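S.K.: just coords:
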C-alpha cells in the first residue's frame, strides 16, 4: 500500500467522508547523481546567501516575494496560516459535470482517495455509486502547499480518483501555434484516416519504455565491469524527410500492415481522383480495417527484462539515505500534516 500523502475529509453536501490521499501513479524513471569524476564522490548542493556568501541552514530560511527588482517582501508562515482558506482541511465538492466537457489539458497528477476507517465506508460507497449512476464527474476544491486548487473526482475500479486540475487562466491559448492556412487534398485526408485505421489497436498495455530498458542494461553491464552492448547497424531510427506526403502516407500504411502480417494486395493505397461536385456531400462507407489484438503485458516481474528485475531487487534491499530536501517541497497539505 502506498504511503499516505494527506488525510482529511471529502465534503459532499452535508455528508462528510473521512479519507486518505495516496498516489495513483509511480515514477520508474532512472535517476542519476552528480559525482566528481576524479574520485566518484557525490556532488552536493548548498544553500548560500548571495549577499554575505555564507551557507545558511533550513532554520535561517524564510519566504519572500520579489515585489520589484530591488524590493523583496517577507511573508511569514504565521501570516500564511492566518490567510482564509476554507478548503484547508477538506476536499469540497462544488459541482457535477459531464466528463466530456473537461479539456484534458487541464488535468494534472492523479491520486486515489481511500476511505479512512469503517465509519467512512458507507458514505464513500454512496459517493462512488452516485458518480457511477449519474455518469458524471465531480468538481472539487482543495488546498495543498498553501494554495487552493481545483480537482476532478471520478470512479476507477471501485475507487474514487482525484485528478488535480489547472485553473482556466493557467491554460495558454494555442491559437498562435496553429500553422498558416494550407490546402489539404481530400485524397490525402482519406489516406491519413486509412493509416490511422491500420494502426488501431484494442489494448495499449504492451508498450514499454525502451529507453529505460536500455539504461538498465547499460547500468547492469557497467556494474559488472563489462562493455555495454552496441546498437546494431540500422537499428537506430533516423528522422524521415518528407518529400512527397502521398508517398509517405502510402508507405506508412504498407509498413503498418506488414508489421501485422497483412501482406495482401489491398495494403497499398492508390491515389484517389477528386470527387464530383454533385456528390461531394455524400460520405462513402468503408469497411473497417482489420484490428490486430495488441500483445498484452501482464505486468508481472517475470515479464520484465532480466536487468530490470535485478535493478528492482537491488533497489528494494538497498538502505535509503536520509531525506535532505526542503520541507516546502514535501506533499504536506495546509492545515494538515502527513498522516
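M.R.: Arrived safely. Just so it is clear, the structure is predicted and the values come from calculations on it, not from any experiment.

S.K.: contacts, neighbours, all on C-alpha from now
M.R.: Will do.

S.K.: In this structure residue 88 contacts residue 141, no?
M.R.: No - between residue 88 and residue 141 there is no contact under C-alpha atoms under 8 Å: 9.4 Å.

S.K.: what is in contact with these two at once?
M.R.: Jointly contacting residue 88 and residue 141 under the rule C-alpha atoms under 8 Å, 6 or more residues apart in numbering are residue 148.

S.K.: Give me the distance between residue 177 and residue 94.
M.R.: Here residue 177 is placed at a distance of 34 Å from residue 94 (C-alpha to C-alpha, to the nearest Å).

S.K.: How far does stretch 105-123 sit from its chain's centre?
M.R.: Centre-to-centre, stretch 105-123 and its host chain are 18 Å apart (C-alpha atoms, centre = their mean, to the nearest Å).

S.K.: neighbour count winner among residue 177 and residue 94?
M.R.: Per other C-alpha atoms under 10 Å, whichever of residue 177 and residue 94 has more neighbours is residue 94, with 13 against 7.

S.K.: Any buried residues in the helix or strand hosting that one, and which?
M.R.: Element membership of residue 94, judged by DSSP states H and E, is strand 90-97. Within strand 90-97, the residues that count as buried by 16 or more other C-alpha atoms under 10 Å are 90, 91, 92, 93, 96.

S.K.: Report the beta-bridge partner residues of the fourth one.
M.R.: Using DSSP bridges, the bridge partners assigned to residue 93 are residue 140.

S.K.: Touching, it and residue 138? I think so.
M.R.: Yes - counting by C-alpha under 8 Å, residue 93 does reach residue 138; the two are 6.4 Å apart.

S.K.: how distant is the helix or strand hosting residue 130 from the center of its chain?
M.R.: Residue 130 is part of helix 121-134 when elements are defined by DSSP H and E. Here helix 121-134 is found 26 Å from its chain centre; the criterion is C-alpha atoms, centre = their mean.

S.K.: what does it contact?
M.R.: Contacts for helix 121-134 (C-alpha under 8 Å, 6+ apart): 12, 15, 16, 17, 115, 137, 138, 154, 155, 158, 159, 160.

S.K.: what about stretch 93-102, distance to the chain center?
M.R.: 20 Å.

S.K.: Listing request: residues of the stretch 101-250 of the chain with sub-threshold pLDDT.
M.R.: 231-246 (pLDDT under 70).

S.K.: could you pull out the helices for it?
M.R.: 121-134, 186-198, 210-223, 245-259 (DSSP state H, counting those that start in this stretch).

S.K.: So which of the ones you listed is nearest residue 45?
M.R.: Of all these, it is helix 210-223 that lies closest to residue 45, at 24.6 Å by C-alpha to C-alpha.

S.K.: Tell me which stretches of the stretch 51-200 of the chain form strands.
M.R.: Assigned by DSSP state E, counting those that start in this stretch, the stretch 51-200 of the chain shows strands spanning 63-68, 71-75, 90-97, 107-115, 137-144, 147-156, 159-165.

S.K.: Which of the ones you listed sits closest to residue 206?
M.R.: strand 147-156 (20.7 Å).

S.K.: can you give me the angle that closest one makes with strand 90-97?
M.R.: Interaxial angle, strand 147-156 versus strand 90-97 (axes from the mean of the first three to the mean of the last three C-alpha atoms, to 10 degrees): 60 degrees.

S.K.: In strand 147-156, which residues are buried?
M.R.: 149, 150, 151, 152, 153, 154, 155.
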